[in-house]
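**Q** Need a 3D model of the following:
(one chain, ligands or ions: 1)
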Amino acid sequence: MPYEYEKDGAAIYRQSFATIRAEADLTGFDAEAEPVVVRMIHAAGMVGLERHVRMFGGFATAARTALEAGAPILCDARMVSEGVTRTRLPADNAVICTLHDPRVPDMAKAAGNTRSAIALELWRPHLEGALVAIGNAPTALFHLLNMLEDPTCPRPAAIIGCPVGFVGAAESKAALWADQPVPSLIVDGRLGGSAITVAAINALASRAE
Ligand SMILES: C/C1=C2N=C(/C=C3N=C(/C(C)=C4\N[C@@](C)([C@@H]5N=C1[C@](C)(CCC(=O)O)[C@H]5CC(=O)O)[C@@](C)(CC(=O)O)[C@@H]4CCC(=O)O)[C@@](C)(CC(=O)O)[C@@H]\3CCC(=O)O)C(C)(C)[C@@H]/2CCC(=O)O
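**A** Numbering: from 1, shown residues only. Prediction:
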């Protein structure tokens with residue numbers, strides 16, 4: 001006896017988003033921010049994630065405005081950059097991940113840091129006005145905050161700071177929350193990861209949902 005299941009992709013999305021909107025407490029998010037949180041919950045399969053999502057500085061509007069103006073998206077890991085749905089992007093935005101640049105291993109060795117952190121040095125020419133998306137590496141977020149302490153460092157338009165894990169994830173996001181260098185989104189504590197980071201980008205990229 002074959003299993004019966006929903007086979008219409010659009011219907012699956014519609015049903016998922018309706019379930020999330022029925023079950024999650026989204027009252028703390030305005031109309032710009034709500035679709036971002038809904039898509040993050042969708043990617044994680046976790047109603048309750050909304051209690052850990054925090055934004056400051058008019059994050060959703062700042063990020064959308066930057067994307068619509070053609071800002072590049074700078075990603076810490078290829079898992080993030082590969083997940084961006086290109087057809088949703090409003091200005092054929094460049095999606096850049098420098099982690100696998102052949103120069104990075106030697107640069108990391110010389111600096112005594114992770115590849116994820118040192119790869120951000122190659123962001124400098126693209127950083128001004130960019131949307132930054134850190135979904136994996138706590139060391140990348142710490143390194144970005146250190147770079148931004150230098151007033152001559154180009155400034156991104158907005159930061160998605162969602163590194164995940166047990167070493168440095170909560171601490172790096174707490175540091176972003178404390179510094180508030182530009183409008184940002186964080187998921188507090190150990191929660192985070194590439195999938196929910198990509199979901200936030202994809203929600204920001206298109207207003208249609
Ligand atoms: C310590 C690291 C952590 N990685 C985590 C979780 C995941 N990482 C995956 C993969 C495939 C990659 N992780 C690297 C970024 C690699 N991970 C690290 C580093 C050693 C240090 C980063 C840091 O602490 O900030 C880092 C290597 C580096 O020198 O920077 C990766 C480059 C490793 C590699 O394959 O070479 C690679 C990313 C590839 C890419 O997408 O471009 C996982 C899929 C785990 C796995 O393979 O088993 C998973 C994905 C999680 C996600 O949703 O993104 C942690 C948990 C973030 C951890 C840092 C914190 C901790 O508590 O340990």
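
**Q** residues from the chain in reach of the ligand?
**A** Within the chain, the residues that sit near the ligand (Cβ under 6 Å from any ligand atom) are 77-79, 99, 114-116, 135-140, 163-169, 193-195. Using the backbone N, CA and C atoms, a C-beta is placed for each residue, glycine as well.

**Q** If any of these are buried, put those into a PyMOL selection.
**A** To isolate the buried members of those in PyMOL, using 16 or more other Cβ atoms under 10 Å:
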select buried, resi 77+79+99+114+115+116+135+136+137+138+139+140+163+164+168+169+193+194+195
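
**Q** so of the residues of the chain next to the ligand, which ones are in helices?
**A** Among those, the members falling in helices (DSSP state H) are 78, 79, 115, 116, 138, 139, 140, 169, 194, 195.

**Q** Next one, pLDDT for the second one please.
**A** Residue 79 is assigned a pLDDT of 98 by the prediction.

**Q** wouldn't it be in contact with residue 196 here?
**A** No: using Cβ atoms under 8 Å as the test, residue 79 is too far from residue 196 to be in contact (11.4 Å).

**Q** got any residues that touch both of these two?
**A** Counting by Cβ atoms under 8 Å, 6 or more residues apart in numbering, the contacts common to residue 79 and residue 196 are residue 135.

**Q** mind checking pLDDT for residue 1?
**A** Residue 1 is given a pLDDT of 81.

**Q** Please apply the same query to residue 65.
**A** What the model reports as pLDDT for residue 65 is 97.

**Q** My understanding was that it contacts residue 129; is that so?
**A** No: checked against Cβ under 8 Å, the pair residue 65 and residue 129 is beyond contact range at 9.9 Å.

**Q** what do these two both touch?
**A** Common contacts of residue 65 and residue 129 (Cβ under 8 Å, 6+ apart): residue 157.

**Q** Isn't residue 127 up against residue 154?
**A** Yes: with contacts counted by Cβ under 8 Å, residue 127 reaches residue 154, the gap being 4.1 Å.

**Q** The two - which one has more neighbours?
**A** Neighbours were counted for residue 127 and for residue 154 using other Cβ atoms under 10 Å; residue 127 has more, 19 against 15.

**Q** what about the more buried one, distance to the ligand?
**A** 19 Å (Cβ to the nearest ligand atom, to the nearest Å).
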